[in-house]
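K.L.:
this one's sequence-less:
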């Protein structure tokens, strides 16, 4: 097998490393776009991969697992932020209602 056989898989690794970077930075929209591009690129790769590219395939799989973990963490963080914002909003409304009911508008 030639080095040319591994070049597409080296590019795949770079693409997935970029996904990991985006996930770590919390850049959700860009991550979604990168994952879509990587998926489209993967469809163009030789299957099965040549033996010379197997170490790169394994590396890509390992990095993709890390992307998955980071994406889950990011999703959980977003859910927690939304829940916190909802609770803060509810508390603010309740506080405003209590304050509003304790004042008299008549003089």
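P.N.:
The structure has been received and is ready for your questions. Keep in mind that what you see is a predicted model, and the values were worked out from it rather than measured.
K.L.:
over to residue 46: give its phi and psi.
P.N.:
Backbone geometry at residue 46, expressed as degrees, to the nearest 10, gives phi -60, psi 130.
K.L.:
if I look at it, how far off is residue 62?
P.N.:
Residue 46 is 20 Å from residue 62, where distance means C-beta to C-beta, to the nearest Å. (Glycine included, C-beta is placed from N, CA and C.)
K.L.:
what's the answer for residue 54, then?
P.N.:
13 Å.
K.L.:
tell me which residue is most central in the chain.
P.N.:
Most central in the chain under C-alpha atoms, centre = their mean is residue 71, positioned 3.6 Å from the mean C-alpha point.
K.L.:
quick check: closest non-adjacent residue to that residue.
P.N.:
Setting aside the residues directly before and after it, residue 71 is nearest to residue 23 in space (C-beta to C-beta, 6 or more residues apart in numbering), at 5.3 Å.
K.L.:
if I look at the one you found, how far off is residue 32?
P.N.:
Note on residue 23: its distance to residue 32, by C-beta to C-beta, is 10 Å.
K.L.:
quick one, which of the two is more surrounded?
P.N.:
Legend: neighbour count by other C-beta atoms under 10 Å for residue 23 and residue 32, higher for residue 23 (23 against 13).
K.L.:
which other helices and strands does the helix or strand where the more buried one lies contact?
P.N.:
Take DSSP states H and E as the rule and residue 23 turns out to sit in helix 3-25. Applying 3 or more C-beta pairs under 8 Å, 6 or more residues apart in numbering; DSSP states H and E, we find helix 3-25 packed against helix 28-42, helix 54-101.
K.L.:
for it, give the mean pLDDT please.
P.N.:
Throughout helix 3-25, pLDDT has a mean value of 94.
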